[in-house]
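A.B. asks: sequence? don't have it. structure:
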Ligand SMILES: NC(=O)c1ccc[n+]([C@@H]2O[C@H](COP(=O)([O-])OP(=O)(O)OC[C@H]3O[C@@H](n4cnc5c(N)ncnc54)[C@H](OP(=O)(O)O)[C@@H]3O)[C@@H](O)[C@H]2O)c1
């Protein structure tokens with residue numbers, strides 16, 4: 001337990017103003033930490049150890065990177081060592097007493113983004129379903145009133161047409177186990193009648209920062225980019241193209257996919273968490289103007305041809321296109337369910353709660369900036385922090 005926690009457990013605050021957050025070390029979670037701290041909210045984070053660092057040093061690293069990026073001194077959140085896969089998230093008696101005294105709001109953002117796995121004793125089920133139940137039990141135990149839960153727009157599974165924000169289980173088919181697990185999690189949240197309110201956020205596919213291109217995870221768009229990058233560094237430049245790549249994968253170029261920048265998703269959630277009128281609603285945090293797969297393919301092509309080092313024809317490791325096509329298909333197989341037209345996500349609640357925070361356009365220049373960041377940091381293999389971001393406003 002960190003010093004701030006020990007201190008405040010002896011001196012309980014008058015009001016329970018701290019927000020308890022899970023998943024603060026991940027991509028979206030680190031932006032939520034930044035935006036909520038900049039808005040002057042006091043935070044407590046449930047964080048597990050990683051292989052090398054304690055929960056405290058992991059949280060310190062997240063806050064320090066934002067201090068550097070924003071040139072602003074930020075307060076340190078209270079750190080509660082815990083893991084969603086354990087009952088009551090593994091929080092000891094003292095930590096739970098602190099939560100009871102100091103928090104009336106919990107923002108459950110942690111999840112496993114493992115797409116495949118049917119064993120309920122393994123991911124994504126352990127964290128997403130059993131874990132969500134443990135967070136709900138913790139909320140009950142600590143008398144949390146307002147529960148906020150980060151889900152995904154793809155709880156709609158393989159539905160087409162218009163998907164309303166209140167829809168959940170409509171008997172739809174699913175593309176993968178991750179989607180199924182997120183539906184189960186949302187059901188548990190909706191059934192938790194000990195809560196005063198439960199608010200659900202459903203982002204579509206999260207990409208990097210619209211201003212700086214920063215990202216720390218490389219799913220979705222970045223998985224396609226990484227394969228384009230590998231292609232260029234293993235086969236001769238010009239031997240294939242973005243659109244050719246898409247047809248190789250059986251992607252229809254006129255299909256549209258819904259991508260959203262991480263800074264916008266965070267700004268929307270940070271605003272809604274602090275807005276009583278948002279409570280109890282479900283918000284589709286989706287882009288009003290989805291991208292065509294043709295645009296995605298041609299941006300990937302331009303990005304790798306501009307930022308990746310092309311293979312030399314004399315390279316002994318050079319591969320032929322057939323080798324690449326086979327690899328491409330097997331590596332992108334896990335994303336197969338996403339190679340289709342997205343449904344039309346209703347945004348009624350989203351607009352009514354935070355219509356004044358417009359979703360940045362994902363134009364060519366913005367996508368190229370994100371691609372450049374990913375390629376220059378070798379898709380996370382080179383250490384990287386968020387670049388300087390001048391003028392990030394409190395939400
Ligand atoms: N990325 C997308 O495209 C996307 C789209 C729609 C919705 N979402 C949702 O947005 C949320 C954040 O996703 P993200 O992209 O930011 O994911 P991410 O970068 O992979 O972060 C996941 C976070 O959850 C934490 N976590 C996972 N399992 C845990 C456990 N058992 N106990 C404690 N903490 C645990 C991770 O902690 P460690 O650092 O210790 O691993 C990390 O902080 C998730 O709920 C996800 O389902 C994401």
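C.D. replies: That came in fine, so what should we check first? Quantities reported herein were computed from a predicted structural model and do not represent experimental measurements.

A.B. asks: now the residue in the chain positioned nearest to the ligand: how far from residue 174?
C.D. replies: The ligand sits closest to residue 26 of the chain, with a gap of 1.9 Å, by CB to the nearest ligand atom. All C-beta atoms are positioned from the backbone trio N, CA, C, and that covers glycine. Noted for residue 26: a distance of 23 Å to residue 174, by CB to CB, to the nearest Å.

A.B. asks: in stretch 144-164, what counts as buried?
C.D. replies: 144, 146-157, 159, 163 (16 or more other CB atoms under 10 Å).

A.B. asks: these: which ones sit near the ligand?
C.D. replies: Restricting those to those near the ligand by CB under 6 Å from any ligand atom leaves 150, 152.

A.B. asks: of all the buried residues of stretch 144-164, which comes closest to residue 287?
C.D. replies: Set against residue 287, the nearest of the buried residues of stretch 144-164 by CB to CB is residue 153 (10.0 Å).

A.B. asks: so which residues of the stretch 1-150 of the chain form strands?
C.D. replies: In the stretch 1-150 of the chain, the strands defined using DSSP state E, counting those that start in this stretch lie at 18-22, 43-47, 78-81, 103-108, 146-150.

A.B. asks: pipe these into JSON lines and attach mean pLDDT and distance to residue 61 per row.
C.D. replies: Compiled in JSON lines, the strands of the stretch 1-150 of the chain are given as follows (pLDDT from 0 to 100; distance: least, CB to CB, whole Å):
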{"stretch": "strand 18-22", "mean pLDDT": "98", "distance to residue 61": "16"}
{"stretch": "strand 43-47", "mean pLDDT": "98", "distance to residue 61": "11"}
{"stretch": "strand 78-81", "mean pLDDT": "98", "distance to residue 61": "12"}
{"stretch": "strand 103-108", "mean pLDDT": "98", "distance to residue 61": "20"}
{"stretch": "strand 146-150", "mean pLDDT": "98", "distance to residue 61": "22"}
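
A.B. asks: residue 201: neighbour count?
C.D. replies: A total of 25 residues lie near residue 201 under the criterion other CB atoms under 10 Å.

A.B. asks: kindly apply the preceding question to residue 288 instead.
C.D. replies: 12.

A.B. asks: list the contacts of it.
C.D. replies: Taking CB atoms under 8 Å, 6 or more residues apart in numbering, we find residue 288 in contact with 347, 359.

A.B. asks: let me see the contact set for residue 177.
C.D. replies: Residues near residue 177 by CB under 8 Å, 6+ apart: 114, 115, 116, 117, 118, 124, 125.

A.B. asks: any idea how far residue 156 is from it?
C.D. replies: Residue 177 is 15 Å from residue 156, by CB to CB.

A.B. asks: distance to residue 269 added to the strands of the stretch 1-150 of the chain, as TSV?
C.D. replies: Shown next, in TSV, are the strands of the stretch 1-150 of the chain (distance: least, CB to CB, whole Å):
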stretch	distance to residue 269
strand 18-22	10
strand 43-47	13
strand 78-81	20
strand 103-108	7
strand 146-150	7
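
A.B. asks: which residue ranges of the stretch 201-350 of the chain form strands?
C.D. replies: For the stretch 201-350 of the chain, the strands defined by DSSP E, counting those that start in this stretch cover 205-207, 256-257, 259-261, 282-285, 291-292, 344-345.

A.B. asks: helices or strands up against the fifth one?
C.D. replies: So that's strand 291-292. strand 256-257 (3 or more CB pairs under 8 Å, 6 or more residues apart in numbering; DSSP states H and E).

A.B. asks: which of the contacts of residue 177 fall in helices?
C.D. replies: residue 125 (DSSP state H).

A.B. asks: the contacts of residue 177, buried ones only, as a ChimeraX selection?
C.D. replies: Buried subset of these, written as a ChimeraX selection, criterion 16+ other CB under 10 Å:
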select :114,115,117,124,125
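
A.B. asks: possible to save the contacts of residue 177 as a markdown table with distance to residue 75?
C.D. replies: What follows is the contacts of residue 177, written out as a markdown table (distance: CB to CB, whole Å):
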| residue | distance to residue 75 |
| --- | --- |
| 114 | 33 |
| 115 | 36 |
| 116 | 40 |
| 117 | 38 |
| 118 | 43 |
| 124 | 33 |
| 125 | 36 |
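
A.B. asks: export the contacts of residue 177 to CSV and tack on pLDDT and distance to the ligand?
C.D. replies: Compiled in CSV, these are given as follows (pLDDT from 0 to 100; distance: CB to the nearest ligand atom, whole Å):
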residue, pLDDT, distance to the ligand
114, 95, 10
115, 92, 11
116, 92, 15
117, 95, 13
118, 93, 18
124, 98, 9
125, 98, 11
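
A.B. asks: relative to residue 291, which of the contacts of residue 177 is nearest.
C.D. replies: residue 115 (21.0 Å).

A.B. asks: where does the closest residue to residue 317 other than its chain neighbours land on pLDDT?
C.D. replies: Excluding the flanking residues, the one nearest residue 317 by CB to CB, 6 or more residues apart in numbering is residue 234, at 6.9 Å. With respect to pLDDT, residue 234 scores 75.

A.B. asks: over to residue 338?
C.D. replies: pLDDT, residue 338: 71.

A.B. asks: do the same with residue 239
C.D. replies: 58.

A.B. asks: mean neighbour count, mean pLDDT and distance to the ligand added to the strands of the stretch 201-350 of the chain, as CSV?
C.D. replies: As requested, those are exported to CSV (neighbours: other CB atoms under 10 Å; pLDDT from 0 to 100; distance: least, CB to the nearest ligand atom, whole Å):
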stretch, mean neighbour count, mean pLDDT, distance to the ligand
strand 205-207, 24, 97, 4
strand 256-257, 20, 94, 11
strand 259-261, 23, 98, 8
strand 282-285, 25, 98, 8
strand 291-292, 18, 95, 14
strand 344-345, 18, 98, 12
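
A.B. asks: in TSV: the ones you listed, plus distance to residue 91.
C.D. replies: Below are the strands of the stretch 201-350 of the chain laid out as TSV (distance: least, CB to CB, whole Å):
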stretch	distance to residue 91
strand 205-207	28
strand 256-257	39
strand 259-261	32
strand 282-285	27
strand 291-292	41
strand 344-345	35
